[in-house]
Structure formats: structure tokens, C-alpha cells
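Student: Predicted model and sequence below, questions to follow.
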Amino acid sequence: MRSISAPFASAHKKLFGRLARSIAPRRPTLVSEWAEQHLRLSSKASAIPGEFRLARNPLLREIMDTQSVRSRVEEVVARLPIQFGKSTIEQAVIGYAMCEDPGPIMVCLPGEVSLDKFVNQKLNPLIEETDAVREVLGSLSSRDAANTKYFKEFHGGQLYMEHAGNPKRLKSTSVKRLLLDEWSSFASSLTSGDDPGELVRGRTSAFPHLAKTIKVGTPEIAGACRITADFDESDQRWPHVPCPHCGNYQPLQWKGLHWDLHPITGRVARAYYVCGGEDGCGAIIEEHHKTDMIARHRWVPHNPGGIRRGYHANCLYYSRGLGPDWATLAQMWLDAQGDLAKLKTFINDRLAEPWEDPTLRNVKHNILQDRAEAYPLRVAPMPICFVTAGVDTQDSRLELHLVGWAWSRGGLRGWTLDYIVLPGNPANQQVWDDLTAYLNRPVIHASGATLPISAVAIDGRGHRTKYVKGYVQRREVTRPMCIFGAKAINAPVLGRPKYEDIKVDGKTEKEGIQTWAVGTIEIKNELYRTLGADAKLDPDLRRLHFPALPKEFFTGMVSEVFNPRTGRYDCKRGVRNEPIDTWGYAYAAAHHPELRLHRLKQHEWEAAHARIMQAAPALPPDVPPQSDQTPEAAPQQPAAPQKHAQAPARRRSARSSYISGR
């Protein structure tokens, strides 16, 4: 047998070597490995452009690797501070998926503005700087239909860039990978009434056990923060780092940071961390120790039974040179004291924790429910002289809040006398007839007299506006008002009326009606201030009183939280806000120019109370009048007028629908 020459043997070896590599299974590559090998950071989005190196920020490794092909983690939520490397995580995941695990990918952001920002600052630099990504893409020509600003076609898959402002954009695409950026900023509901979180969750259902979802962002307002709600249900992983003195592993928390002030300037001159925890040594940890501490970190779950993988870190973990140092952060914290907007920004963006207004910590639904009082519904306690109502309009119902008012040196005192739901589409007359029957039935006073409902404010927003205006035009009740929320942040409780023509059933009325702008922000400011002050007072001295109503009522009364960044109130996730809205409408109705209850003098209140007592029926000597705190059984209500004979039955049905959760 003839021997193979050396040149032929070399070619033979190369040929079969390439053949073996082509048919061999691909070695499972991790996202972090791909990023270090291929990812190039652009100066448009990174403080240190060029080759990506995990050694600069080791905390990103585990978060990235959860998105690898062989990882069994299906859903991840990363609640991280700004300047922590969130953009790098997202770029690495997108690039890795396009090169190593092709398939349909969707990147979703809360709105069109944030989507454009993501494309310009993250996606385009990734394509421009990373050769591996450009190689798998199709034509980069702007005239190619497969390459648009919001859609990229690559070998084996497609990349969809969407925003949650339009529900149609979230309903038509099935994807293998889903990346949700700025997750906390997604709207609580869309114009269609759908929850964007549920819509995007359904996009991955076509890829069971293969789909991966990662939600990234910084938190916002407690109760309304999506990323915090998801993190609370996760295994809640914190990075634990070792003390350089005793080796005790612990998470870095803001309360562990201490600082010294300069004796002349009064600014932070030095900041250091104190080793804490049960096994801590109490030694001082200088910031120069941080690099080695982070290199030896461990992600430790604080809630091992969570339904998803969750990661949280704060600004104390910034790698040196990639974020403010400890002294700068301490000075930022001191500068934010006394300024709610700055304090919220620091807590959200640097500590990566949800914001909660410290003045509202005593305004909780359970605290409010615990101090509910034992007075019957639709029976006005003794101090009450006037009653108003607020009505919220929904597509399938009207929700009504009945409030009685009395005088107080600090402002109006209010008693919730009833809260009901009248089922029915406002486009149909029946629900308005039910409302008329309810509002025209007087309220029983504790003295035995009766009180009329002096005014009613009905929300005219939405696509039921013409029906609200039509009802107000007919004036079947006393002082009906069609109201709209004022746009101005500093709008008064009740603005000047505006005359408008209305159209009902396609016909134009000759006489217009008045519409009223209501300062909802000022009303809620007053409500929360009063609720907070009431928490420290005895029941007899409180300004706001509530009967024993279902839990949903009390959660609705505190369903909104103030956002100092926008100066407005945001609704908490998963909570109905009709109770607080309707209370505000009833409060606005009390400001009707024919009532002006907030401007009445003490002698005017005393005169109104005297008139009520004069109209009260004489009681037997052994039957004392009812107290405003512990009233006896309500007097028997007079029969309703004949044309509203069915109103009480309708009211009971409406309340039962509210208690059952609608």
C-alpha cells in the first residue's frame, strides 16, 4: 500500500476536520460568553465603548445567562437602578438570540417615544458596532421591505419592535423571545380595556417550554408599579458580597451606608459601609474594597418559592467608574431631603425601590376599614345638614356615592351614607330611571326628619358624554351637574360653568347646559390630608366617617397615589378607583354656587340644623334622639312615590352586585 504524501495528508486532515465540525452538535454558548466574544458597545449608549468585558460589571453575568438556550428559566424580572447595565443586558440578549437561537423576537416598550429612543440608542448601535449581528441580518438597505425601523428580518427569525400604546400591536404576533423594557411605565390598561401585561404574556404561548421572557426596568410608585409586583412574586435574588474583614456574605443596603460631613462646607467628605447582619463584625468597609467584593458576589434568593426568577440591586453595587461613588450618592440623598420630587427620583432610580409618600403611610385601606362606624346606610347622623351625591359613568353601570355634610372648624365634615352600583348601559334609559328614583327619595335624618339630596355631580368623560348631558338637560333631580376633570394641576375644586349645546338622538337642543370643570387633584390632596390627620384623632373628632361597607370600597377610597414627578395621581394596579372618584364628585357638588357649603358660616349651619329639628316629628319622652356615633335602628323610611315603587328593590339588587365584585 502506497504511503500518502505529506501535502495530501495535510489536505485530507483539513477536509475531514471541517466536515466533523460541520456535523458536530453546536456547543451550548451562554449569553455572557457570546457577549464577551462578539458584543461591541457604542459611545451612543455606553460610558466605556468598545469590547464588552464582564469583569467591569460581574453582576450582569447570571442575569444574562438566564436567557441562554440551555437555561431552564422561562421568565425573569430585573429591578435595577439606572446606570447599572440594563442596556447592555438587553443588547446582549437580542444579539445572542439572533445569532445563537434564531426565531421570532419581540421587544416591547410602553409608548412610541420610548420605542424610538430604544431603536436609536440601543438597537441601531448594536447593529452598527457588532459584526456578528450584521452577518445574520438580511439586507441593510433602507429600501428593503425586510428591513424597516421597527422590523428586522434575520437568518431564521424576525425582530419586532412594538409599543403598548396600541392594543392591536400586541395581539397579532407569536414570538419565542419577549423583552419588556421600562416595564413599570406600561399603562394600567389600554384604550380597549385590556391589560397590556396579559396581552404580551399571550404572545409566547405558541412556544411552550421554549419561550423566554425578561422584564427590565426601574420601579415607580408603590402599588402601581408593575416591576415591583412581579418582583414580589419572584424568588427575589439580591447580590450578597463578602466583608473584606470577616468574610460574612451580606446584601448592601442603604441603611448600612454612613458618611462624614466636611466641617466647613457641610457636604459629604467621606462615605463608608459598616458590616452588618447577625454575623457581621461591624468593621468599616471602604469603597476601594468594593471591586473585590463584587467579583466574589453570589445571587441569593430571599423568597425561594417564587413563581419566577427575580433580580434586584441598588446603587451601592455600582462598579467603580461606571456610576457615582458612595460619597456622591450620600450627597444626592441629603440634597433630596425636603423635596418630594427629588426624593422619589433617588428612591426609584438609585435605590431601585418603589416610591411611597411618607405622609400617606397611615392612609391604608385596612386602617380605614378598621375605623368604620356603626351607623345604618341612608340614615344621616345628627350633625348632618346637607347631602350630595357623586356618580361615575361606566359602560355597564353607574356607581353612586352618597355623602352627608356637617360643619367643622377645620372644614367640612363628611359621612359616607351609601355606595351603590346601578347596573345597566348608560345608553339605555332604564339605568337613568333607576338613578332618578334613587336621588329623588329623601334621606332619613337621625332626628326623624328627612333630607333631600341637594346636588349631584355626574362624570361626563368618555363615550357616554351625550347621555350624561341629556340626563342633566332633563333636570329630573335637584341640581344635576355634568362634570369633567380639569387638566390644570392647580385647578380649583369646582371651576366656573361653561355653556354647551348638546345632541341627544341626533337632535340639537335649543338651550345648552352647563358643564363644570372639577379639580380632581386638589380634591384628592384634601381627601388624603384629612384621612391622614383623622388617623391620629378620636372618632368623635374625625372629619371623615365611613360605615361598614365591603373591603372593595375601602381599597377604592385609597386606590390612587401621588406621583410628584407628574404632579398627578396614579391608580394602583388591579384596584377600582370609582369610590375615590365618586367621593370627589360629591365633594365638588357641595361646592355648587347655590350651596357653597365650604363657605357657610357657623350661624348658617346652626340655622340649617334648627330647621331640620323643627321639621322632625315629636318623639315620645322615653325615646331619645339618635346619636351621630351609635345610632339606634333607622326610622322606617316613607314609601317611595308611586312612579318609583320598584326603586328599593332595584337598589338592593345593585348593592348585591357591588358586594359580589361586579
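Tutor: Received the coordinates, thanks. Numbering: from 1, shown residues only.
Student: Poorly predicted segments of the stretch 551-662 of the chain, please.
Tutor: Filtered on pLDDT under 70, the stretch 551-662 of the chain yields the residue ranges 618-662.
Student: can you give me the helices in it?
Tutor: 551-557, 578-589, 602-615, 647-659 (DSSP state H, counting those that start in this stretch).
Student: With only the CA atoms kept, save the third one in PDB.
Tutor: It refers to helix 602-615. Taking C-alpha atoms only, helix 602-615 is exported to PDB below (Å, rounded to 0.1, in the frame of the first residue of the first chain):
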ATOM      1  CA  GLN A 602     -71.300  78.800  61.800                       C
ATOM      2  CA  HIS A 603     -74.600  80.600  62.300                       C
ATOM      3  CA  GLU A 604     -75.800  79.400  58.900                       C
ATOM      4  CA  TRP A 605     -75.100  75.800  59.800                       C
ATOM      5  CA  GLU A 606     -76.900  76.300  63.100                       C
ATOM      6  CA  ALA A 607     -79.900  77.800  61.300                       C
ATOM      7  CA  ALA A 608     -79.900  74.800  58.900                       C
ATOM      8  CA  HIS A 609     -79.800  72.400  61.800                       C
ATOM      9  CA  ALA A 610     -82.600  74.200  63.600                       C
ATOM     10  CA  ARG A 611     -84.800  73.900  60.500                       C
ATOM     11  CA  ILE A 612     -84.200  70.200  60.400                       C
ATOM     12  CA  MET A 613     -85.000  69.800  64.100                       C
ATOM     13  CA  GLN A 614     -88.100  71.900  63.700                       C
ATOM     14  CA  ALA A 615     -89.300  69.600  60.900                       C
END
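Student: Show me what counts as buried in it.
Tutor: Across helix 602-615, burial judged by 16 or more other CB atoms under 10 Å covers 605, 608, 609, 612. C-beta: built from backbone N, CA, C; applies to glycine.
Student: Quickly name whichever of those residues is closest to residue 280.
Tutor: Distance to residue 280, by CB to CB, is smallest for residue 605 among the buried residues of helix 602-615, at 61.3 Å.
Student: how far away is the closest residue to that closest one other than its chain neighbours from residue 531?
Tutor: Among residues not flanking residue 605 along the chain, residue 407 sits closest, at 3.8 Å (CB to CB, 6 or more residues apart in numbering). Distance of residue 407 to residue 531, given as CB to CB, to the nearest Å: 19 Å.
Student: what helix or strand does residue 435 sit in?
Tutor: helix 429-439 (DSSP states H and E).
Student: May I see the helices of the stretch 551-662 of the chain organised as CSV, with distance to residue 336 added?
Tutor: Shown next, in CSV, are the helices of the stretch 551-662 of the chain (distance: least, CB to CB, whole Å):
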stretch, distance to residue 336
helix 551-557, 30
helix 578-589, 28
helix 602-615, 43
helix 647-659, 42
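Student: Residue 543: which of those helices is closest?
Tutor: The closest of the helices of the stretch 551-662 of the chain to residue 543 is helix 578-589. By CB to CB, the value is 11.8 Å.
Student: Next, the buried residues of that closest one.
Tutor: Residues of helix 578-589 classed as buried: 578, 579, 580, 581, 582, 583, 584, 585, 586, 587, 588, 589 (neighbour count, 16+ other CB under 10 Å).
Student: mind putting those residues in a markdown table, distance to residue 246 included?
Tutor: A markdown table is the format used below for the buried residues of helix 578-589 (distance: CB to CB, whole Å):
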| residue | distance to residue 246 |
| --- | --- |
| 578 | 55 |
| 579 | 53 |
| 580 | 51 |
| 581 | 55 |
| 582 | 58 |
| 583 | 55 |
| 584 | 56 |
| 585 | 60 |
| 586 | 61 |
| 587 | 58 |
| 588 | 61 |
| 589 | 65 |
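Student: now, which of those residues sits nearest residue 323?
Tutor: residue 580 (39.0 Å).
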